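Visitor: Whatever this is, show me its structure:
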Amino acid sequence: LKTSVKAFQYDLKPDAPTSESRKLFFDTHAVVQLLEENFTTSQSEAMVKALMKMTDSNMEVTYSDMVTKVQQEIMLQRVMSQIEAVKKDMVILETSEFSTLLAENEKLKVQLLQLKVQLADVMSKVRSDNKLGMNLEKSRVKELRAEHDKKLLKARNEIMEMTAEQECYLTQTNMKIDTEVAGLKTMLESHKLDTIKYLASVFTCLTVVLGFFRIWM
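Guide: So this is what the prediction gives:
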């Protein structure tokens, strides 16, 4: 959108006051007489001339920035017409931008819906993969647990067999020890009886010998 704005230039020549009408008229002689009370005549005249030059300069500056009421109304009408043109352009621009924004909004809605569908598909796929992975992991854990229980049962059976063998071996060893102890006891009893018999025979022989010795003595 392009809006053409022309620069406004004020044409002050036709209606501007002339140089004669711009001057401020006052009684210079009366001012000179008033100043002569404190200054000389030449000084008073010089001061009045300087005052007139300053007044003329100020009037020139003042009138250079002034504009007539007719020119002011004309420029106001021009400015208002330009404002109306800018308003129309702004309405057209807003309408065009609003239509563009609506189209972009609809496009964004379609893209957002597509993204939602894609996101839902991805989430469903991820959930399925996670569920499948969890099921596989559960199956693997169950297999490992079953294998572990099997190994544990086998080790327990082996331990029980080893314990039974050890108990049987200990029982046999105890029986052997008891048998050998009983044999040793029997042997000791037999040796004891033999010793008693030997001692009895020795005492008998000594008694006989002592009896013959007494008889002989």
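Visitor: use CA for all of it now, contacts and neighbours both
Guide: Noted.
Visitor: Against K53, how distant is E60?
Guide: With distances taken as C-alpha to C-alpha, to the nearest Å, E60 is found 11 Å from K53.
Visitor: Look up how far L193 lies from L101.
Guide: 132 Å.
Visitor: Let me know the secondary structure of N38.
Guide: Following DSSP: H, G, I helix; E, B strand; the rest coil, the label given to N38 is coil.
Visitor: For it, give its distance to V32.
Guide: N38 is 10 Å from V32, where distance means C-alpha to C-alpha.
Visitor: Neighbour count for these two, which is higher?
Guide: Under the criterion of other C-alpha atoms under 10 Å, the comparison of N38 against V32 puts V32 first, with 21 against 10.
Visitor: Give me the number of neighbouring residues for A85.
Guide: For A85, using other C-alpha under 10 Å, the count is 15.
Visitor: does it sit in a helix or strand, and which one?
Guide: helix 69-216 (DSSP states H and E).
Visitor: Counting by contacts, list what that helix packs against.
Guide: If contacts are counted by 3 or more C-alpha pairs under 8 Å, 6 or more residues apart in numbering; DSSP states H and E, helix 69-216 sits against no helix or strand.
Visitor: Let the chain start at 59 from now.
Guide: Yes, from this point I'll number from 59; that puts the last item at helix 127-274.
Visitor: how far does it sit from the chain's center?
Guide: Relative to the chain's own centre, helix 127-274 is displaced by 33 Å; criterion: C-alpha atoms, centre = their mean, to the nearest Å.
Visitor: what does stretch 87-105 give?
Guide: 89 Å.
Visitor: Contacts for it next, please.
Guide: Contact with stretch 87-105 is made by V106, as judged by C-alpha atoms under 8 Å, 6 or more residues apart in numbering.
Visitor: List the buried residues in it.
Guide: 90, 93, 102-103, 105 (16 or more other C-alpha atoms under 10 Å).
Visitor: Keep only those of the residues you listed that are in strands.
Guide: Within the buried residues of stretch 87-105, no residue falls in strands by DSSP state E.
Visitor: Show me which of those residues is closest to Q129.
Guide: M105 (38.3 Å; C-alpha to C-alpha).
Visitor: quick one on the thing from earlier: pLDDT averaged over the helix holding A143, what's the number?
Guide: Mean pLDDT, helix 127-274: 85.
Visitor: and the buried residues of stretch 87-105, which of them are in helices?
Guide: The members of these that map onto helices under DSSP state H are 90, 93, 102-103, 105.
Visitor: now those as TSV including distance to R214 and pLDDT?
Guide: As requested, those are exported to TSV (distance: C-alpha to C-alpha, whole Å; pLDDT from 0 to 100):
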residue	distance to R214	pLDDT
V90	142	79
L93	140	80
S102	141	80
E103	141	83
M105	136	85
